[in-house]
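Chemist: Sequence first, predicted coordinates after that:
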Amino acid sequence: MAALDLNTVRSTIEGRLQTELDDAPVIPVIFHNMPYTPTPGTSWCQCSISFSASDYLTMGDDSSSSNNVTGLLSIDIYSAKGVGPGDNLTIGKRVRDLYNRVTVSGVHFDSPTGPEVMASPQPEGYFLTQVRCTFEVFEDL
Amino acid sequence: MAFYRGQQGSVKFDDAGSSAAAIASTRSWSMNVSKATLESTTLGDTYAGNVGGIISGSGSVELMYTASSSDETNVFIEAANTASDAGGALFELYLDTTGTKKISFDGLITSADYSATVGELEVVTCNFVTNGAITLDI
């Protein structure tokens, strides 16, 4: 029993996405707080993980007790502009299927939202959608 | 002044009535101790009179389902479905983590509610009544 290792959770989530997008057709993926210069006209993804609320699950102080920790996974999918949404949604399905109600290494994913079309992508010159998925982890102290 | 928070509580149980073990993943417990009243008003009294009668207790324990087996937690959530219950199970309901503030008694589980709801954790609620003396070390 130990406090939750946030980097283990992050690694679980990111590793699943990296493994999928390393398969053909390969899609570059970058993660939070990493530099990246995209090639114009190509597709790529950006993955962001944010931990949010934590609540009591069971009785007990700092031992023999459990908390739940929730978070939000956001994946921005960039694809070429002016050629329709098809390529983008193909990537979106790969991403969505990865997390849709699955449990991986103790991380429970809910039903995802999206791919939702986003206005004003940054950087400009891309068609941007976003897949969001809340997740929950149980912490045993 | 000392105050206590709910997470400092806990529950122990032993169906054999001897050495209570912790019930895992307890989320809450509650207990009501009540005393029957016997009216002692007599003719000519202006005000009603009452004296104390039989004391009894009942309550519930709510816990998260964890698929535990071969332990008191498993026995606890299945106890409502056992036949010929003599009411000799030992209950200890704790108010603090030091293990000194507790309510203890013999009793039996009278009902259990099992539930599973999409998007929520699975919870089991066990209801109990006391059998015999209730000891308040609070």
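Modeler: Cool, the structure landed. Please read all numbers here as calculations on a predicted model, not as lab measurements. Numbering: from 1, shown residues only, chains lettered A, B, ... in the order given.

Chemist: Using neighbour counts, pick out the buried residues of stretch B:122-132.
Modeler: B:Val123, B:Val124, B:Thr125, B:Cys126, B:Phe128, B:Thr130, B:Asn131 (16 or more other CB atoms under 10 Å in any protein chain shown). Heads up, the C-betas are built off the backbone N, CA and C, glycines and all.

Chemist: Which one of those residues is nearest to B:Glu72?
Modeler: Compare each of those with B:Glu72 using CB to CB and the shortest gap goes to B:Cys126, at 12.0 Å.

Chemist: and the helix or strand hosting that closest one, what other elements does it pack with?
Modeler: Taking DSSP states H and E as the definition, B:Cys126 sits inside strand B:123-137. Strand B:123-137 sits against strand B:26-39, strand B:50-64, helix B:72-78, strand B:102-115, with contacts defined as 3 or more CB pairs under 8 Å, 6 or more residues apart in numbering or on different chains; DSSP states H and E.

Chemist: Please identify the deepest-packed of these.
Modeler: helix B:72-78 (a mean of 21; mean count of other CB atoms under 10 Å in any protein chain shown).

Chemist: next one: that helix to chain centre, how far?
Modeler: Its chain's C-alpha centre lies 14 Å from the corresponding centre of helix B:72-78 when counted by CA atoms, centre = their mean, to the nearest Å.

Chemist: average pLDDT across it?
Modeler: Here the mean pLDDT over helix B:72-78 is 93, rounded to a whole number.

Chemist: just checking, next helix/strand downstream of that helix?
Modeler: Following helix B:72-78 in sequence order, the next helix or strand is strand B:89-94 (DSSP H and E).

Chemist: Strand partners (parallel or antiparallel) of that following strand?
Modeler: Sheet pairing here is set by DSSP bridges, and for strand B:89-94 it gives strand B:10-14 (antiparallel), strand B:102-115 (antiparallel).

Chemist: residues in contact with the top helix by length along chain A?
Modeler: Longest helix of chain A, by residue count under DSSP state H: helix A:6-22. Judged by CB atoms under 8 Å, 6 or more residues apart in numbering or on different chains, the contacts made with helix A:6-22 from elsewhere in the structure are A:27-29, A:31, A:45, A:47, A:49, A:51, A:69, A:71, A:73, A:75, A:94-95, A:98-99, A:104-107, A:135, A:137.

Chemist: Separate out the buried members of the residues you listed.
Modeler: Neighbour counting with 16+ other CB under 10 Å marks A:27, A:29, A:31, A:45, A:47, A:49, A:69, A:71, A:73, A:75, A:94-95, A:98-99, A:107, A:135, A:137 as buried within those.

Chemist: Any chance of JSON lines for the buried residues of stretch B:122-132, columns distance to A:Pro85 and pLDDT?
Modeler: Written out in JSON lines, the entries for those read as follows (distance: CB to CB, whole Å; pLDDT from 0 to 100):
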{"residue": "B:Val123", "distance to A:Pro85": "42", "pLDDT": "96"}
{"residue": "B:Val124", "distance to A:Pro85": "47", "pLDDT": "96"}
{"residue": "B:Thr125", "distance to A:Pro85": "48", "pLDDT": "97"}
{"residue": "B:Cys126", "distance to A:Pro85": "53", "pLDDT": "97"}
{"residue": "B:Phe128", "distance to A:Pro85": "59", "pLDDT": "97"}
{"residue": "B:Thr130", "distance to A:Pro85": "66", "pLDDT": "97"}
{"residue": "B:Asn131", "distance to A:Pro85": "68", "pLDDT": "97"}
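
Chemist: of the residues you listed, closest to chain A?
Modeler: Using CB to the nearest CB, the shortest approach to chain A within the buried residues of stretch B:122-132 belongs to B:Val123, at 10.6 Å.

Chemist: Could you give the bridge partners of the closest one?
Modeler: Legend: beta-bridge partners of B:Val123 under DSSP bridges are B:Met64, B:Ser115.

Chemist: Let me know whether B:Arg27 touches B:Leu63 as I believe.
Modeler: Yes: judged on CB atoms under 8 Å, B:Arg27 makes contact with B:Leu63 at a distance of 5.9 Å.
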